[in-house]
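Enquirer: Sequence unavailable; structure follows:
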């Protein structure tokens, strides 16, 4: 019987790393240094993929600005990273929880307990995207191997729906048939062979950070490099919001606290109220006119 070489050939992340072959004989300090040396690869490959990351960033910004959804979907570590990215956009940029979401093979419980077999179900991936996505949405598949059936099924369904698609993988030979953008992070063999929670996961997290942060900046959710659309949902973030109002508007702390309350806990609105000497309603109108870009309101 003819062997399927595509299945026998080890994935780049599953090859044996010659630099860490003696891992079980190393001292703790040697292990720490060996893993750290491998981790430096993550930043280098993310830098190399900058053009593709920028393309995904632009698509994410267009999707968000149009009121459509950005959906991260993956299995295992990749799926968890997508969920983490989606969740963190809410307090960081004040996004709606329903507009940037993450899906993982095996469902919510797979976030906390591995369900390895779930990644082999391409039909489930397709069904979940068919249920979650619509034409105009942006589906980003996450799979270090570049061929996880669950993710491949999701991307195929997304393309049929008319959603934009991208794939983040660590395999230059990934299945890109249904991905308009392929962000290839060639991290190579892991310090622990096949353990893509390591530098492959690190590179993926760095990439997702860049896509969402860049997209939100392009949508007016930053002022310079300040987190101006932060949602003050706890004491730490309330204090950050007050500091931002002071920093950008020039108001003192007491005034900033009052502005934060009067603005409905919206930092940008508070800044405009102070700088333009206006009320909340007028400040919101000015921001809406400039599509949320604070700089266009107060620095014009």
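Expert: Happy to help now that I have it. Everything numeric here is computed off the predicted structure, so don't read it as measured data.

Enquirer: What ranges in this structure fall below the confidence cut-off?
Expert: By pLDDT under 70, the weakly predicted segments of the chain are 1-8.

Enquirer: And stretch 13-33, how far out from the chain middle?
Expert: 30 Å (C-alpha atoms, centre = their mean, to the nearest Å).

Enquirer: quick one: terminal-to-terminal distance for that stretch?
Expert: Stretch 13-33 has an end-to-end distance of 20 Å (C-alpha to C-alpha, to the nearest Å).

Enquirer: likewise stretch 11-19?
Expert: 18 Å.

Enquirer: Centre of the chain to it, how far?
Expert: Centre-to-centre, stretch 11-19 and its host chain are 26 Å apart (C-alpha atoms, centre = their mean).

Enquirer: which residues are contacting it?
Expert: Applying C-beta atoms under 8 Å, 6 or more residues apart in numbering, the contact partners of stretch 11-19 are 34, 37-38, 144-146, 170-172, 186-191, 193-194, 196, 200. Glycine gets a C-beta too; all of them are placed from N, C-alpha and C.

Enquirer: Please type out the ChimeraX selection for whichever of those turn out to be buried.
Expert: To isolate the buried ones among the contacts of stretch 11-19 in ChimeraX, judged by 16 or more other C-beta atoms under 10 Å, type:
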select :34,38,144,145,146,170,171,186,187,189,190,191,194,196,200
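
Enquirer: Return the subset of the contacts of stretch 11-19 lying in helices.
Expert: Among the contacts of stretch 11-19, the residues falling in helices (DSSP state H) are 34, 37-38, 200.

Enquirer: With distance to residue 176 as added columns, please give these in CSV.
Expert: Conversion of the ones in helices among the contacts of stretch 11-19 to CSV gives the following (distance: C-beta to C-beta, whole Å):
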residue, distance to residue 176
34, 32
37, 30
38, 26
200, 17
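
Enquirer: which residue sits closest to the residue sitting nearest the centre point of the chain, ignoring its sequence neighbours?
Expert: In the chain, the residue lying closest to the centroid (C-alpha atoms, centre = their mean) is residue 208, at 3.2 Å. Excluding the flanking residues, the one nearest residue 208 by C-beta to C-beta, 6 or more residues apart in numbering is residue 85, at 4.3 Å.

Enquirer: hey, where'd the helices end up in the stretch 1-150 of the chain?
Expert: Assigned by DSSP state H, counting those that start in this stretch, the helices in the stretch 1-150 of the chain fall at 5-8, 28-48, 50-65, 76-93, 122-132, 149-161.

Enquirer: What of the stretch 151-300 of the chain?
Expert: For the stretch 151-300 of the chain, the helices defined by DSSP H, counting those that start in this stretch cover 199-218, 235-249, 253-262, 267-275, 280-289, 294-298.

Enquirer: so of these, which one's packed in deepest?
Expert: Highest mean neighbour count among the helices of the stretch 151-300 of the chain (mean count of other C-beta atoms under 10 Å): helix 267-275, with a mean of 26.

Enquirer: what's it packed up against?
Expert: helix 235-249, helix 253-262, helix 280-289, helix 294-298 (3 or more C-beta pairs under 8 Å, 6 or more residues apart in numbering; DSSP states H and E).
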